[in-house]
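Q: Structure of the sequence below:
(2 chains)
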Number of protein chains: 2
Amino acid sequence: MDLRQLGEFGLIEAIRRKAARATRGRSVWRVAIGDDAAVLTPRAGEELVFTTDAVVEDVHFRWRTTEPRRLGHKALAVNLSDLAAMGARPLGCLLTLALPAGIDGKRLDGFLSGFLSLARASQCPLVGGDLTRARDFGATVTAIGAVARGRALLRSAARPGERVFVTGTLGGAAAGLALLERGRLRTPLERRLARRQQEPHARLKEGSALVKARLSRAAIDVSDGLAQDLGHVCEASGVGARIALEALPVMRGATLEQALSGGEDYELLFTVARRGPTARRIGLRLDCKATEIGVITARPGLVVTRAGRPVAMGKSGFQHFKASSKGSEK
Amino acid sequence: MDLRQLGEFGLIEAIRRKAARATRGRSVWRVAIGDDAAVLTPRAGEELVFTTDAVVEDVHFRWRTTEPRRLGHKALAVNLSDLAAMGARPLGCLLTLALPAGIDGKRLDGFLSGFLSLARASQCPLVGGDLTRARDFGATVTAIGAVARGRALLRSAARPGERVFVTGTLGGAAAGLALLERGRLRTPLERRLARRQQEPHARLKEGSALVKARLSRAAIDVSDGLAQDLGHVCEASGVGARIALEALPVMRGATLEQALSGGEDYELLFTVARRGPTARRIGLRLDCKATEIGVITARPGLVVTRAGRPVAMGKSGFQHFKASSKGSEK
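A: You can find the predicted model right below:
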């Protein structure tokens, strides 16, 4: 697509056509792209959830090391992951693109193609958005989801005595980022780790299953890093947690430190009643690996143990702005 | 606020506190800022509407000529105007801020204060968002609204024979922009015109009244310019329109050209049945000036008349990207 030739309305029309192809047959939307706003008819008995997340050139990614298609995928996936962490199914999304006047049309095509392909696969149609010029490329996504009334998984719902679980494996995205920063990817494992960082998978099916099976009331997605995200749950719930380092499901090729503090794995961290099902049964129910890594405590603060003894650990995870932030890519 | 000292989570917490003060007592929100996503309980019989709009430094505004408080107001107001154009009442909003690392804390405070003050006045609480670094300041807003089922005002609902109306006056924002670009504002009228451009008012009350009184089924807000926005309605509805230049409610201090083609007035353009109420009765119902400016025609295309005779006119309105775009500020 050539931005200068198409102009704003031409580009909107081109995106509308692509989005329509991607979203045929969805019926909750009375009006999608093309009016002042999109119109949704909610289902009775459901609540709606909303989340928004942005990616910006040279802050979250560099074009030099980024495939446009994967970036489009990731821009939506991180939002879907927030829906998953609420136990919600996706209903639709809005996309605001900030585009440099001279942007390579192939980059824009690739981005849209990755974005819309995940939108289609996730039944999360693009229903609106905005376009603006900017010096740097940026994409802000708002995702809309639905969950049975009163059943959303909340950061604030963890209770002392509950067991802490995590889906899948941890540390892969951080290991992948380290490999990408170093340069060439040589082995299939290295490529898998890089892909973990560049093309994350949102645990939508698993989040919905947690709600449907009434397995959990509290969850978060691991985006800032396990320690930090568990900290968010503890703070919101007014509790603490104790986790065992040796229990962490470290991805092959990643370090324990990456599993504990690396971000962007987009696994679900959730709590389950003390006398609830075993990890194995939960794994069967979610149709994915689920690992018990610790317990919620009444005493605030996060305690990390090795062989049953507390170990000291620094503050970790990625924060924007702070002078002490790690790296510039996230 | 000092961004480097607060860090990302500190800033989120500071915004959350400000937003909570601004939004006490709203009950459709089960969860607002502080979880992976905000949770809304819709009312029975209502549909939800979604819109998103961004402002970017040096594209939509320059700090040199912009009061941060007014920018915050405008960033939300343009989204509220889209809700108004659907006939929806606001339920809440999400705000993604892209912030340069060294941003002046007073600018950020001013922006948030203008934004949250309008959010409070419009009963449109800030319920979520995202923060990211960026080279240039940017704010992407998503607004969520509600409207009685099947009653949203649509661009696609205009029918031949219907009369075309517009609220308030036109051209003021364009005249104000011209004054701001020239420099000093000297008279009260000049300041009023500038304010029209910098601190627009969304016609929420009027949009809701159009729905409640069943006066209209088709509307759009005048953001790109009357001619262009009426063109959007015609295109979406598969109709044309004829408007009379001498009927346009030109704001004092603005030109006819600014009233026809200047953008950002954020008035509502809507259609009313041929045998529906008079302009005077509609004005009373909406509690604002409403002017009949023309009629919807079966034949596509926009015809502008003066003393009953068609006049030639160029293509107008502001489009991003196109080589022929007007100015760099919008």
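Q: quick one: the helices in the stretch 1-150 of chain A?
A: According to DSSP state H, counting those that start in this stretch, the stretch 1-150 of chain A carries its helices in the segments A:3-23, A:68-86, A:105-121.
Q: which of those helices sits most buried?
A: Stretch with highest mean neighbour count among the helices of the stretch 1-150 of chain A: helix A:68-86 (a mean of 26; mean count of other CB atoms under 10 Å in any protein chain shown). Every residue, glycine included, has its C-beta placed from N, CA and C.
Q: and the helices of the stretch 1-150 of chain A as JSON lines, adding distance to B:Ile33 and mean pLDDT?
A: Shown next, in JSON lines, are the helices of the stretch 1-150 of chain A (distance: least, CB to CB, whole Å; pLDDT from 0 to 100):
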{"stretch": "helix A:3-23", "distance to B:Ile33": "29", "mean pLDDT": "76"}
{"stretch": "helix A:68-86", "distance to B:Ile33": "13", "mean pLDDT": "97"}
{"stretch": "helix A:105-121", "distance to B:Ile33": "26", "mean pLDDT": "94"}
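Q: Now distance to chain B too, for those, in JSON lines please.
A: What follows is the helices of the stretch 1-150 of chain A, written out as JSON lines (distance: least, CB to the nearest CB, whole Å):
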{"stretch": "helix A:3-23", "distance to chain B": "4"}
{"stretch": "helix A:68-86", "distance to chain B": "4"}
{"stretch": "helix A:105-121", "distance to chain B": "11"}
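Q: Among those, which comes closest to A:Pro200?
A: A:Pro200 sits nearest to helix A:68-86 of all the helices of the stretch 1-150 of chain A, at 4.9 Å, using CB to CB.
Q: report the angle between the axes of the lowest-mean-pLDDT helix or strand in chain A and helix A:105-121?
A: Here the helix or strand of chain A ranked lowest by mean pLDDT, DSSP states H and E is helix A:3-23, holding a mean of 76. Helix A:3-23 and helix A:105-121 are oriented at 20 degrees to each other (axes from the mean of the first three to the mean of the last three CA atoms, to 10 degrees).
Q: name the helices or strands packed onto helix A:3-23?
A: helix A:105-121, strand A:126-133 (3 or more CB pairs under 8 Å, 6 or more residues apart in numbering or on different chains; DSSP states H and E).
Q: Go again with 10 Å.
A: strand A:89-99, helix A:105-121, strand A:126-133, helix B:226-237 (3 or more CB pairs under 10 Å, 6 or more residues apart in numbering or on different chains; DSSP states H and E).
Q: closest to A:Gly10 out of these?
A: Closest among the helices and strands packed on helix A:3-23, using CB to CB: strand A:126-133, at 10.4 Å.
Q: if we can go back for a sec, can you add distance to A:Ile243 and give the helices and strands packed on helix A:3-23 back as a markdown table?
A: Putting these into a markdown table (distance: least, CB to CB, whole Å) gives the following:
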| stretch | distance to A:Ile243 |
| --- | --- |
| strand A:89-99 | 29 |
| helix A:105-121 | 31 |
| strand A:126-133 | 38 |
| helix B:226-237 | 55 |
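Q: Identify whichever of those lies nearest to A:Glu190.
A: helix A:105-121 (21.4 Å).
Q: got the angle for that closest one vs helix A:68-86?
A: Following the same axes, to 10 degrees, one obtains 30 degrees for the angle between helix A:105-121 and helix A:68-86.
Q: Which strands or helices does helix A:105-121 pack on?
A: So helix A:105-121, by 3+ CB pairs under 10 Å, 6+ apart, packs with helix A:3-23, helix A:68-86, strand A:89-99, strand A:126-133, strand A:138-148.
Q: just so I know, which of those lies nearest A:Ala236?
A: Closest to A:Ala236 of those is helix A:68-86 (CB to CB; 12.3 Å).
Q: Can you report how many residues neighbour A:Pro277?
A: 16 (other CB atoms under 10 Å in any protein chain shown).
Q: Contact partners for it?
A: A:Pro277 makes contact with A:Arg163, A:Ala213, A:Leu215, A:Gly283, A:Leu284, A:Arg285, A:Ala290 under the criterion CB atoms under 10 Å, 6 or more residues apart in numbering or on different chains.
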